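# please work out how this folds:
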Amino acid sequence: MTAPRRLLRVLPPGHRERLMSLASEVSFEQSQRIFEERGTADRFWIVRSGTVTLDLRLAGSRPTAVSSLESGDLLGWSWLFPPFQWDFGAEALSPVRAYEFQGPEVQALCDEDPAFGYGLLRVIAEILAYRVQAARVRVLDLFAPHAGR
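Model (predicted):
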C-alpha cells in the first residue's frame, strides 16, 4: 500500500480554502489525551507540529500505541460514520499544534457542495485504508511472538 496522503496537500486549492475557512487553531500539551477510544467523535484535526500517538486498549488497561501522526497528518475520521465514536484513543507525544474542524460543519459543507464532499471523502478514505492496514500490522507485530506460547 502506498504512503498516506496529506489531506491539505492533495485537495484542490478551492476545496482546501473552503475546508480551511472552518478551521480553528488549537494546541495540546505533551501527554494530554486528545480523545478516548469509544468517546463521542464530533471533530477532527490536521496536525501542524508535534507528534500524536494513536492507541488501542487491548489485553490490559493501559492503551497500546499502534501508530504515530506528525505534521500534515489527519487525526480523526470517526466523525464521518455512525455511531460517531472514536475507534482509537489519541495522546500528544510532544506539544502539538493543530487545525481543528467541527464534524457537523464539515458535513454540512459536503452536503452543500457534492464535488467538495466527494473529493474530501475520497482522500480521507485513502488515508483510512492506509491507517487500518498499518494498525493491523502493528497489532500482529505486538502479538505474533506470543502466538505459539
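# tell me the mean pLDDT over the lengthiest helix in the chain?
If you go by DSSP state H, the chain has its longest helix at helix 114-143. Average pLDDT, helix 114-143: 84.
# other SSEs contacting it?
When contacts are defined as 3 or more CB pairs under 8 Å, 6 or more residues apart in numbering; DSSP states H and E, helix 114-143 sits against helix 7-10, helix 13-20, strand 52-57, strand 63-69, helix 103-112. Heads up, the C-betas are built off the backbone N, CA and C, glycines and all.
# any weak-confidence spans in the protein?
Low-confidence segments of the chain, defined by pLDDT under 70, span residues 1-4, 59-61, 135, 139, 142, 145-149.
# and the longest helix of the chain, what's buried?
116-117, 119-120, 123-124, 126-128, 130-131, 134-135, 138 (16 or more other CB atoms under 10 Å).
# how about stretch 93-101?
Those would be 93, 96, 98, 99, 100, 101, for stretch 93-101 by 16+ other CB under 10 Å.
# mind listing residues that contact stretch 107-115?
15, 18, 19, 22, 79, 80, 116, 117, 120, 121 (CB atoms under 8 Å, 6 or more residues apart in numbering).
# nope, stretch 90-104 is what I was after
Residues contacting stretch 90-104 (CB under 8 Å, 6+ apart): 19-20, 22-35, 41-55, 63, 68, 75-76, 79-80, 84.
# you'd agree residue 52 is up against residue 75?
Yes: counting by CB atoms under 8 Å, residue 52 touches residue 75, with 5.7 Å between them.
# these two - which one has more neighbours?
residue 52 (23 against 20; other CB atoms under 10 Å).
# what sits closest to the more buried one if chain neighbours are left out?
Of all residues not flanking residue 52 in the chain, residue 69 sits nearest, at 4.5 Å (CB to CB, 6 or more residues apart in numbering).
# need the contact list for that neighbour.
Contacts of residue 69 by CB under 8 Å, 6+ apart are 47, 51, 52, 53, 54, 75.
# ok so, going back, what subset of the contacts of stretch 90-104 is buried?
19, 23, 28, 34-35, 41, 43-48, 50-55, 63, 75-76, 79-80.
# contact partners for residue 128?
Counted by CB under 8 Å, 6+ apart, residue 128 has contacts residue 77.
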